[in-house]
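>>> need a structure here:
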Amino acid sequence: MVKTLNPKNYLMKQIFDKKNVLVIGGAGFIGSNLCDRLLEDSKVICLDNFLTGSVDNINHLLSNIDFELINHDILNICDLEQISELEKFKIKWQGIQEIYYLASPTAPLDRKQYPLEAILANSHGVKNALDLALKYDAKFLFASTSKVYGDTKYGVYIKENFIGEYDYLDPENGYRESKRFGEALVNTYHTNYKLDTKIARIFNTYGPKMKLKDGRFLPALITLAIDNKPINIAITNDDIIGCYCYVEDLIEGLVRLMGSAKNQPVNLGHPLNYSLAEIVKKIITLAHSTSTFSVDPNSTLSYLHQEVPDISLAKEWLGWYPIILLDQGLEKTIHYIRGVKTIVQSRI
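Now for the predicted structure:
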């Protein structure tokens with residue numbers, strides 16, 4: 001049975017000056033960068049339980065009158081109209097226009113440390129967020145992942161209709177299976193309730209506000225280079241390729257997807273690929289490092305397989321293509337990580 005919205009709800013609500021946007025998981029790497037972008041023309045409610053996010057990512061926004069941080073776990077139902085800090089958003093009269101859902105441990109070590117939390121965030125948490133979207137007739141964007149494609153081959157461009165295999169009972173695959181379920185749940189709300197939903201399949205992304213020690217490969221490489229330490233990686237050869245999308249480009253893709261009329265999954269990532277040797281050499285050069293690079297089977301630093309996106313749909317439907325050059329993005333990321341390390345050292 002298709003659920004209909006109560007006429008007294010938010011179909012005819014007046015937007016007073018700017019739209020209200022809810023970013024769930026807004027204190028994380030991508031979420032905090034998204035909050036920065038959305039504040040250009042929107043009022044932003046950042047909801048996060050700080051399992052893996054950091055208040056440092058959004059500290060600079062706390063004095064912005066159009067921004068509010070709410071410490072809340074989306075696994076619990078949230079009544080936005082009962083939160084006194086949100087009275088300035090006039091939610092009771094204006095409602096919520098858009099919801100971005102990024103609430104899930106995503107980095108390798110975070111997924112390993114919080115496997116159950118990731119599964120619940122991409123299932124029960126998504127349902128709670130979708131119910132909020134249904135209440136306010138808000139547009140809803142689910143941040144999915146390239147991991148939903150399952151096993152892929154190196155160097156093969158992945159289209160949205162690709163379906164790969166994997167052992168869903170393998171503990172390592174709980175995250176990707178939960179993202180598949182999350183996509184199915186989002187699509188069901190679109191089909192049954194006519195909710196305007198979007199699914200972004202996000203490929204490897206890097207940039208400022210990444211944590212230094214969460215298992216992501218680039219922060220580990222950059223940290224070693226900044227410290228002028230040897231870079232030894234447990235790989236079979238240095239020709240293994242990967243793709244690298246700067247976070248600013250990704251955010252533009254998310255915003256364009258939210259503003260589109262498309263409800264099908266869309267790949268967002270950089271289609272250009274580089275060998276591991278190329279990436280390491282660029283980092284060493286841009287960091288002005290004396291680090292050396294070698295292949296070492298005994299190293300604790302390993303390279304995870306990266307899927308490479310076919311972004312034809314993003315280009316056709318959204319007019320989107322990543323424009324930040326790799327050297328430019330790496331320079332900004334190195335500068336950020338160097339700054340974070342300086343702050344951490346000054347606190348010791």
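
>>> Quick check: which ranges of the stretch 201-348 of the chain have low pLDDT?
The stretch 201-348 of the chain contains residues with pLDDT under 70 at 236-238, 304, 344-348.

>>> Strands of that one, residue ranges please.
For the stretch 201-348 of the chain, strands defined by DSSP state E, counting those that start in this stretch occupy the ranges 205-206, 231-233, 241-243, 245-246, 265-268, 273-275, 293-295, 308-309.

>>> Residue 257 is nearest to which of those?
Closest approach to residue 257 among these is made by strand 265-268 (5.8 Å; C-beta to C-beta). (Each C-beta comes from the backbone N, C-alpha and C, glycine too.)

>>> Wasn't residue 200 part of a strand?
Yes. The assignment for residue 200 is a strand, going by DSSP: H, G, I helix; E, B strand; the rest coil.

>>> That one contacts residue 257, doesn't it?
Yes. Under the criterion of C-beta atoms under 8 Å, residue 200 makes contact with residue 257 at 5.6 Å.

>>> Now do the helices in this protein.
Assigned by DSSP state H, the helices in the chain fall at 29-38, 91-94, 108-113, 115-121, 124-136, 174-193, 217-226, 247-258, 276-286, 312-313, 326-347.

>>> Need the pLDDT of residue 4.
Looking at residue 4, its pLDDT reads 41.

>>> from the helices of the chain, which stretch is densest packed?
Of all the helices of the chain, helix 29-38 has the most neighbours on average by mean count of other C-beta atoms under 10 Å, namely a mean of 24.

>>> on contacts alone, who are the packing partners of it?
The contact analysis (3 or more C-beta pairs under 8 Å, 6 or more residues apart in numbering; DSSP states H and E) places helix 29-38 against strand 19-24, strand 42-48, helix 247-258.

>>> Format the helices of the chain as a markdown table; extra columns: distance to residue 165.
Below are the helices of the chain laid out as a markdown table (distance: least, C-beta to C-beta, whole Å):
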| stretch | distance to residue 165 |
| --- | --- |
| helix 29-38 | 28 |
| helix 91-94 | 44 |
| helix 108-113 | 20 |
| helix 115-121 | 20 |
| helix 124-136 | 24 |
| helix 174-193 | 12 |
| helix 217-226 | 24 |
| helix 247-258 | 27 |
| helix 276-286 | 26 |
| helix 312-313 | 23 |
| helix 326-347 | 32 |
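
>>> Please list all residues in contact with residue 263.
187, 190, 196, 197, 198, 199 (C-beta atoms under 8 Å, 6 or more residues apart in numbering).

>>> Spatially nearest residue to the third one (excluding sequence neighbours)?
Okay, so that is residue 196. residue 139 (4.6 Å; C-beta to C-beta, 6 or more residues apart in numbering).

>>> Thought residue 198 was touching that neighbour, still the case?
Yes. Using C-beta under 8 Å, residue 139 is in contact with residue 198, at 7.2 Å.

>>> what sits in contact with each of these two?
Residues within reach of residue 139 and of residue 198 at once, by C-beta under 8 Å, 6+ apart, are residue 258.

>>> Can you give me the neighbour number for the residue nearest to residue 196?
When neighbours are defined as other C-beta atoms under 10 Å, residue 139 has 20 of them.

>>> follow-up on the earlier one: which one, of the helices of the chain, ends up nearest to residue 82?
Once the helices of the chain are compared by C-beta to C-beta, helix 91-94 is nearest, at 9.8 Å.

>>> from the middle of its chain, how far away would that closest one be?
The chain centre lies 28 Å from the centre of helix 91-94; the measure is C-alpha atoms, centre = their mean, to the nearest Å.

>>> now do stretch 244-260
Its chain's average C-alpha position is 10 Å from that of stretch 244-260, according to C-alpha atoms, centre = their mean.

>>> next one: stretch 192-210
Worked out by C-alpha atoms, centre = their mean, stretch 192-210 lies 6 Å from the chain centre.

>>> quick one on the thing from earlier: between residue 200 and residue 257, what contacts are shared?
By C-beta under 8 Å, 6+ apart, residue 200 and residue 257 have these common neighbours: 141, 266, 268.

>>> and the residue nearest to the last one when sequence neighbours are not counted, what is it in contact with?
Translated: residue 268. With C-beta to C-beta, 6+ apart as the criterion, residue 268 has its nearest non-adjacent residue at 4.2 Å, and that residue is residue 253. Taking C-beta under 8 Å, 6+ apart as the criterion, residue 253 is in contact with 200, 266, 268, 314, 318, 320, 322.
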